[in-house]
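K.L.:
need a 3D model of the following:
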Amino acid sequence: MRFSNVRIGYRLFLVVLVGVLGFIAYAVVSLTQLHQTLLADRQSRIREHVEIARTLVEAIASEAARAGRSQAEAQREVLGALSRVRYDGNDYFWVNDMAGTMLMDPADHALVGQNLLKLRDCSRLAKTASGQLVPAGHLIFPDMIDVVRKHGGGFYHYTWSNELAKISPRPKVSYVAGIPRWGWVIGTGVWVTDADRIFRQQAIRLAALGLLSIVVGIAVSIWITTGVTGPLRSVSLQLTNLAEGRVDIDIPGDDRGDEIGAMARALVAVREHLVEIADAADEIARGNLTVEVRAVSEHDRLGLAIKTMLERLSSLVADAAFAAKAVHTGATTIAESVENQSVISSELSASVAQITSTMEELSASSFQISEHSGLVADTARVTWESSKKGAEAMEQLSGKMAGIHLENQNNLKEILALGDASKEISKVMAIINAIADQTRLIAFNAALEAASAGEAGRRFGVVAAEIRRLADSVTDSTSEIEGKVNQIQGSISRLVITSERGTASVVEGMAAATESADRLGELVAAARKTAGAAEQISLSTQQQKTAASQVVVALREIVSASNQTADGMTQLSEVSRNMASLSSDLDFQVERFRVNTPRRVAGPKIADAAEKSAGLVSDRAAGVTRS
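P.N.:
The predicted structure is shown next:
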């Protein structure tokens, strides 16, 4: 939520609330500082007392040394003097040695001579076996002795109770200082609760004063807020009434001398000005344009706007009167022109209907021609496709013939190679025959040698006979093979002759196929031209049919438009007559207004506009007739 949307009463109360919170924060900070100051002051005072006591001890010890007295006598004198010293009412000093033995305690003589190193503070309690509560906190005197050993003196905080004085456990702060020459510790302490008591007294006093200030401030703020918000609420209510258009209201507070009174007086002036403008508006509504509207100042946008509106309205009413008369004249002229053009439109509609009938017959003829030309184009297209397929088949046949010719040439080469190989076989067979003859001769010689060898060459003779028989068998087989080879060579010769004849036939077939392919190519070209010409004829007839259909549609639209034009002329005639009637009524209504300027007979611009409007209607109607 924006701060500007907060009510003024709440804002004033917020000022008081901020002041109260600031006072409370200041009081809290001040009390905290006061508590710290009181505690620091108490600590400073006990430190000063211990330092004075230590100075006293040093003085007595020095005097006893100069007087030749013993240390024990000087110590007894010091203990006696310190036991009688009191400050701030009933506060005292105690003395113990560095071993923790109590040497002097005016508040509890029972502790004198006892070792207090095991004495604990009461910040924490513990139960014994018998159920009694005993202190279980820090060791007090060892900590104090440790402070003296380390720093020569200092403060020590602990919780202490005194059963003899019936003092319950509560916080206490002590200051201890050492006497090095005798090994003593002098100390004194104060209750922290004493500083708390003084702090509570000051806090109660300050709280009472603050509460009184807050009550007075709230009362004064309520009085001021009521004195401001009440009149403001009344002024705001009257502003709301003015915003709702109520000007018959009383605005209180205009006799005040403060800002609210100035606001009330300004509202009174605004109300009177609105009443004046409302009266002027009533006169204008009754037709009196001679009323005078006064602007309060050059910044009065409403008064200036009403005044300007009145001047322009007067001029507008005068011009409207002139325009009404001119419109009446123009409307009469338009009505006459429209009636003449209506007759022309009817005649034009009949002529266009006859032209439409003729174009429909032409469109039907074009449709029949288009169908026949389409059939011719389809037949030419089929012829072209068939001739293309025949040309493709002849090209394939030529390719096959060329393949056969190539295959025949390859077969012829293979046959010739086979004849050469058979001749080689004949040569090999001659070599084998020669070897067989030599083998027979060697076998014969071996048989002779075996016969001359007698019994020893008999087995060798058997081998020689077998070799000769083998040679004879080889010779017989070689003769048979030579016969077969001669037959093969004869067949190869005949096959070569046949292949050469087939090759010649294949070459002749290739030439015939090539010539046929050329003729079919010429036939395909002629068929393509025929199909193109037929398609062109078909396309032209289609376009002619479409054009005829479009002309028929256009003529029908012209007939419809001419009929609509005739209807429009009739309606326009009726409208022009109504316009003439309305212009007469307008002239009568304008005569009700009273203006300061004299009436003019006719406005030249308005009259010209009316004449141009009438001429424009006539031209449009004539244009439709020519179309």
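
K.L.:
for the one helix or strand V463 maps to, what is the average pLDDT?
P.N.:
Per DSSP states H and E: V463 is located in helix 458-590. Mean pLDDT, helix 458-590: 73.

K.L.:
who does that helix touch, helix- and strand-wise?
P.N.:
Counting contacts by 3 or more C-beta pairs under 8 Å, 6 or more residues apart in numbering; DSSP states H and E, helix 458-590 packs against helix 301-453, helix 604-626. Any C-beta I mention is one placed from the backbone N, CA and C, and that applies to glycine too.

K.L.:
those helices: lowest mean pLDDT?
P.N.:
Among the helices and strands packed on helix 458-590, helix 604-626 carries the lowest mean pLDDT (a mean of 51).

K.L.:
separation between T193 and L34?
P.N.:
Distance, T193 to L34, by C-beta to C-beta, to the nearest Å: 16 Å.

K.L.:
ugh, wrong one, D248
P.N.:
Going from D248 to L34 by C-beta to C-beta gives 66 Å.

K.L.:
can you check Y156 too?
P.N.:
Taking C-beta to C-beta as the measure, Y156 falls 24 Å from L34.

K.L.:
ditto for D105
P.N.:
33 Å.

K.L.:
please identify which of the two sits among more neighbours.
P.N.:
Between D105 and L34, counting by other C-beta atoms under 10 Å, D105 is the more crowded of the two (19 against 16).

K.L.:
next, the contact list for that one, please.
P.N.:
Taking C-beta atoms under 8 Å, 6 or more residues apart in numbering, we find D105 in contact with W94, L111, V112.

K.L.:
so the second one sits against M102, correct?
P.N.:
Yes: with contact defined as C-beta atoms under 8 Å, L111 reaches M102; the gap is 4.6 Å.

K.L.:
the two: who's more crowded?
P.N.:
M102 (20 against 16).

K.L.:
SS state for that one?
P.N.:
strand (DSSP: H, G, I helix; E, B strand; the rest coil).

K.L.:
so how far is L79 from it?
P.N.:
For M102 relative to L79 (C-beta to C-beta), the value is 11 Å.

K.L.:
list residues touching both of those two?
P.N.:
Common contacts of M102 and L79, defined by C-beta under 8 Å, 6+ apart, comprise V95.

K.L.:
which residues are contacting the longest strand seen in the chain?
P.N.:
Counting residues, the longest strand found in the chain (DSSP state E) is strand 167-179. The contact list for strand 167-179 (C-beta under 8 Å, 6+ apart) reads 39, 42-43, 46-47, 50-51, 54, 57-58, 98, 122-123, 135, 144, 147-149, 152-161, 184-193.

K.L.:
now do the helix or strand hosting V29: which elements does it pack against?
P.N.:
Following DSSP H and E, one finds V29 within helix 8-67. Applying 3+ C-beta pairs under 8 Å, 6+ apart, one finds that helix 8-67 makes contact with helix 71-84, strand 153-162, strand 167-179, strand 184-191, helix 192-243.

K.L.:
taking strand 153-162 as reference, get the angle to the shortest one.
P.N.:
Between the axis of strand 184-191 and that of strand 153-162 there is an angle of 60 degrees, by axes from the mean of the first three to the mean of the last three C-alpha atoms, to 10 degrees.

K.L.:
same question for the first one.
P.N.:
Relative orientation of helix 71-84 and strand 153-162, computed by the same axes, to 10 degrees: 60 degrees.

K.L.:
just the element for the closest residue to K307 other than its chain neighbours, please.
P.N.:
Spatial nearest neighbour of K307, chain neighbours left out: V293 (4.5 Å); criterion: C-beta to C-beta, 6 or more residues apart in numbering. Counting by DSSP H and E, no helix or strand carries V293.

K.L.:
and V293, what pLDDT?
P.N.:
For V293, the model assigns a pLDDT of 72.

K.L.:
any idea how far A278 is from it?
P.N.:
11 Å.

K.L.:
what about the two, which has more around it?
P.N.:
Applying other C-beta under 10 Å to V293 and A278 shows that V293 carries more neighbours, namely 21 against 11.

K.L.:
contacts only, for the more buried one.
P.N.:
V293 touches E276, I277, A280, G303, I306, K307, L310, counting by C-beta under 8 Å, 6+ apart.

K.L.:
about what we covered before: among the helices and strands packed on helix 8-67, show me which one is buried the most.
P.N.:
Highest mean neighbour count of the helices and strands packed on helix 8-67: strand 184-191, a mean of 22 (counted as mean count of other C-beta atoms under 10 Å).

K.L.:
from the contact counts, what lies against whatever helix or strand H273 lives in?
P.N.:
H273 is part of helix 259-285, with elements assigned from DSSP H and E. For helix 259-285, the packing partners by 3+ C-beta pairs under 8 Å, 6+ apart come out as helix 192-243, helix 301-453.

K.L.:
tabulate those helices (TSV), appending distance to R459.
P.N.:
Formatted as TSV, the helices and strands packed on helix 259-285 follow (distance: least, C-beta to C-beta, whole Å):
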stretch	distance to R459
helix 192-243	155
helix 301-453	8
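
K.L.:
the helix holding V463 vs helix 301-453, what angle?
P.N.:
Helix 458-590 and helix 301-453 are oriented at 170 degrees to each other (the same axes, to 10 degrees).

K.L.:
change the start of the numbering to 505 and stick with it
P.N.:
Will do, 505 is the new start, and the previous item becomes helix 962-1094.

K.L.:
chain center to helix 962-1094: distance?
P.N.:
Taking C-alpha atoms, centre = their mean, to the nearest Å, one finds the center of helix 962-1094 at 60 Å from the center of the full chain.

K.L.:
hang on, D754 is in a helix, isn't it?
P.N.:
No: D754 is assigned coil when assessed by three-state DSSP, not a helix.
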